[in-house]
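Colleague: I would like to see how this sequence folds:
(one chain, ligands or ions: 1)
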Amino acid sequence: MKQKIVAGNWKMNKNLKEAKELIKGIKKEVKAGLKDNTRVIIAPSFVNLQSAVKKTKKSIVEVAAQNMHQAKSGAYTGEVSADMLTNLGIGIVILGHSERREYFAETDELLAKKVDAALGNGLEVVFCFGESLEDRRSGNHFEIVENQLKKALFHLQKENFKDIILAYEPVWAIGTGETASPEQAQEIHAFVRELFTKEYGDETANAISILYGGSVKPANAKEIFSKPDVDGGLIGGAALNAEDFAAIIKSI
Ligand code: PGA
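Modeller: Next up, the predicted model:
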């Protein structure tokens with residue numbers, strides 16, 4: 001079933017003490033007033049995951065990792081495996097964020113492997129995709145998005161998509177204060193759903209949640225979320241403040 005989801009990507013922010021405080025604030029804010037099928041996810045850094053799982057245990061807040069390595073285990077200094085995450089009680093991992101693609105050279109081919117490893121270990125994946133400013137200006141955004149999804153996800157079986165959440169994040173709108181207009185977001189989301197209809201059929205296309213990410217704030221969330229194919233948001237900067245994050249959640 002298609003779900004409403006608000007996920008906070010904390011990136012490389014918040015030490016342990018700050019992470020605990022933020023979780024406390026979020027729990028207090030979101031206790032009441034959520035629609036039944038709304039999910040709230042937070043993605044702290046690796047070192048704070050264990051504490052986050054513990055602190056969110058009795059709440060509706062779910063915890064995700066921001067990345068993971070595709071190998072089962074081995075000599076990969078500094079990396080974290082899917083098994084290490086599930087063993088901590090983590091059920092979700094974000095893959096393909098544009099910052100991973102840009103600063104850590106993650107390609108769609110590599111992401112296909114990471115997706116397989118995540119699903120194989122029972123993790124749910126928030127898969128990020130989106131075009132750069134250059135692509136948008138040259139009118140290639142539909143093609144770029146289609147290619148990213150095809151290369152990283154379209155080797156999967158229909159059944160796998162119950163564990164995939166999509167997040168459209170136009171790179172030009174991430175952390176820039178510039179947001180895609182609700183119409184621009186809807187246009188791509190509808191295009192993506194259509195791609196899924198062609199590849200996997202209506203049932204899969206209509207069941208998959210497609211989040212929008214890129215400078216979502218309390219002031220613009222409601223309008224973006226009101227679009228029919230926008231099922232929620234992946235929030236960066238505004239997820240670092242409990243009141244702002246809660247206000248975004250409540251605008252779903
Ligand atoms: P932003 O980040 O909300 O700060 O633009 C979104 C993201 O990168 O997921």
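Colleague: Tyr212: which element?
Modeller: strand 210-213 (DSSP states H and E).
Colleague: kindly report the same for Ser215.
Modeller: According to DSSP H and E, Ser215 maps onto no helix or strand at all.
Colleague: contacting residues around the residue nearest to it when sequence neighbours are not counted?
Modeller: The shortest distance from Ser215 to any non-neighbouring residue, by CB to CB, 6 or more residues apart in numbering, is to Thr179 (4.4 Å). From N, CA and C alone the C-beta is placed, and that goes for glycine too. Applying CB atoms under 8 Å, 6 or more residues apart in numbering to Thr179 gives the contacts Ala173, Gly214, Ser215, Val216, Lys217, Asn220, Ile224.
Colleague: burial count for the closest residue to the second one other than its chain neighbours?
Modeller: In space, and not counting its chain neighbours, Gly214 is closest to Ala173: 2.9 Å by CB to CB, 6+ apart. Ala173: 24 surrounding residues under other CB atoms under 10 Å.
Colleague: please apply the same query to the one 10 residues further on.
Modeller: Counted with other CB under 10 Å, the burial measure for Glu183 works out to 10 neighbours.
Colleague: could I get the contacts of Thr179 as CSV with distance to Ser81 and pLDDT?
Modeller: Output for the contacts of Thr179, formatted as CSV (distance: CB to CB, whole Å; pLDDT from 0 to 100):
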residue, distance to Ser81, pLDDT
Ala173, 32, 90
Gly214, 29, 94
Ser215, 32, 92
Val216, 31, 95
Lys217, 35, 96
Asn220, 37, 96
Ile224, 35, 97
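Colleague: which one of these has the most neighbours?
Modeller: In terms of neighbour count, Val216 stands highest of the contacts of Thr179 at 29 neighbours, by other CB under 10 Å.
Colleague: how about the contacts made by that one?
Modeller: If you count contacts by CB under 8 Å, 6+ apart, then Val216 has Thr179, Ile224, Gly233, Leu234, Ile235, Ala238, Ile248 around it.
Colleague: about what we covered before: how close does the residue nearest to Gly214 get to Ser45?
Modeller: Going from Ala173 to Ser45 by CB to CB, to the nearest Å gives 23 Å.
Colleague: same question for Met1.
Modeller: Relative to Ser45, and taking CB to CB, Met1 is found at 31 Å.
Colleague: Gly201 now?
Modeller: 38 Å.
Colleague: okay, these two: which has more neighbours?
Modeller: Ser45 (18 against 11).
Colleague: excluding sequence neighbours, find me the nearest residue to the more buried one.
Modeller: Nearest to Ser45 is Met12, by CB to CB, 6+ apart, at 6.1 Å.
Colleague: and that neighbour, that's in a strand?
Modeller: No: with DSSP: H, G, I helix; E, B strand; the rest coil as the criterion, Met12 is coil rather than part of a strand.
Colleague: the ligand contacts on this protein?
Modeller: Selection of the chain residues close to the ligand by CB under 6 Å from any ligand atom yields 9, 169, 174-175, 213-216, 234-238.
Colleague: distance to Gly74 added to the residues you listed, as JSON lines?
Modeller: Conversion of the residues of the chain next to the ligand to JSON lines gives the following (distance: CB to CB, whole Å):
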{"residue": "Asn9", "distance to Gly74": "27"}
{"residue": "Glu169", "distance to Gly74": "30"}
{"residue": "Ile174", "distance to Gly74": "32"}
{"residue": "Gly175", "distance to Gly74": "33"}
{"residue": "Gly213", "distance to Gly74": "32"}
{"residue": "Gly214", "distance to Gly74": "35"}
{"residue": "Ser215", "distance to Gly74": "38"}
{"residue": "Val216", "distance to Gly74": "37"}
{"residue": "Leu234", "distance to Gly74": "30"}
{"residue": "Ile235", "distance to Gly74": "34"}
{"residue": "Gly236", "distance to Gly74": "31"}
{"residue": "Gly237", "distance to Gly74": "35"}
{"residue": "Ala238", "distance to Gly74": "37"}
